[in-house]
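Participant: need a structure here:
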Amino acid sequence: MSGYVHRLCCWHLERNAQANVKRNEFTSKFRQLMLNPMSMEEFDRDWFSIVYDLGLEQNSWVEKMYAKRRKWTEAYLKGTFFAGMRTTQRCESLNSHLCRFVEQKLKLYDFIRQIHRAMYCIRHKEVQDEYETNHTAPVLTTHLQSIEKHASEIYTRNVLKWFRMEILGEATLIMLGCAKTANSNIYILTKFQHPE
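Facilitator: Residues are numbered from 1 along each chain as shown. Coordinates of the predicted model:
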């Protein structure tokens, strides 16, 4: 599908790394490369360093993962919107939802029917959320109502709840200082009554 970004699940990738490379040191470093923010250049440098240091130049799975790097590493997915969802969250959520509909020993016909029921429920919930977002106005409850109002116009109500929690968390912060650099300002913050 064009226009969509397909991201690989980090939980499955980590399991596959362990199964295909069978070296804990690689799995640990692979996880860091997958999740830590870095530039594409830093990723490539670190990737080749790890592969060389561990002697994995001929490992076909390692080669395939490098070829697919645009689908799994933060370095190449930077700037892509995932609505705050972790790399494993979608898989975990869908798995949890499907388990409510599917039992272990179903005949193929029943399995397919149950999957269709589960997908219908997911889609129905999405339509309900979209309708509520487009045709209702939430009560503004935070101290930053103009920002909250704007968020309510672009986010679903579920995302708005998460966004409100972020706003409320902001209210507990105190600015200790500000350092100005050539391109930005760096603010030093602490939580109220938690000076560490």
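
Participant: how is this protein carved up into domains?
Facilitator: Domain assignment for the chain by automatic domain parsing gives 10-77, 100-135, 145-191.

Participant: immediately after the lowest-mean-pLDDT helix or strand in the chain, which helix or strand?
Facilitator: In the chain, the helix or strand scored least confidently by mean pLDDT, DSSP states H and E is helix 89-99, which has a mean of 65. Next helix or strand after helix 89-99 toward the C-terminus (DSSP states H and E): helix 108-135.

Participant: Please name the bridge partners of Lys191.
Facilitator: Assessed by DSSP bridges, Lys191 has beta-bridge partners Leu173, His194.

Participant: just use 53 as the starting number from now, easier for me
Facilitator: Done: numbering now begins at 53, and the last item shifts to Lys243.

Participant: measure it to His195 for me?
Facilitator: From Lys243 over to His195 the distance is 17 Å, taken as C-beta to C-beta, to the nearest Å. Every C-beta, even on glycine, is put in place using the N, C-alpha and C of the backbone.

Participant: how about the strands of this protein, start to end?
Facilitator: Using DSSP state E, the strands of the chain run over 225-232, 237-243.

Participant: list the helices and strands the longest one packs on?
Facilitator: Yep, that's strand 225-232 we're talking about. Here strand 225-232 touches strand 237-243, going by 3 or more C-beta pairs under 8 Å, 6 or more residues apart in numbering; DSSP states H and E.

Participant: The strand it packs on vs strand 225-232, what angle?
Facilitator: Strand 237-243 runs at 160 degrees relative to strand 225-232, counting by axes from the mean of the first three to the mean of the last three C-alpha atoms, to 10 degrees.
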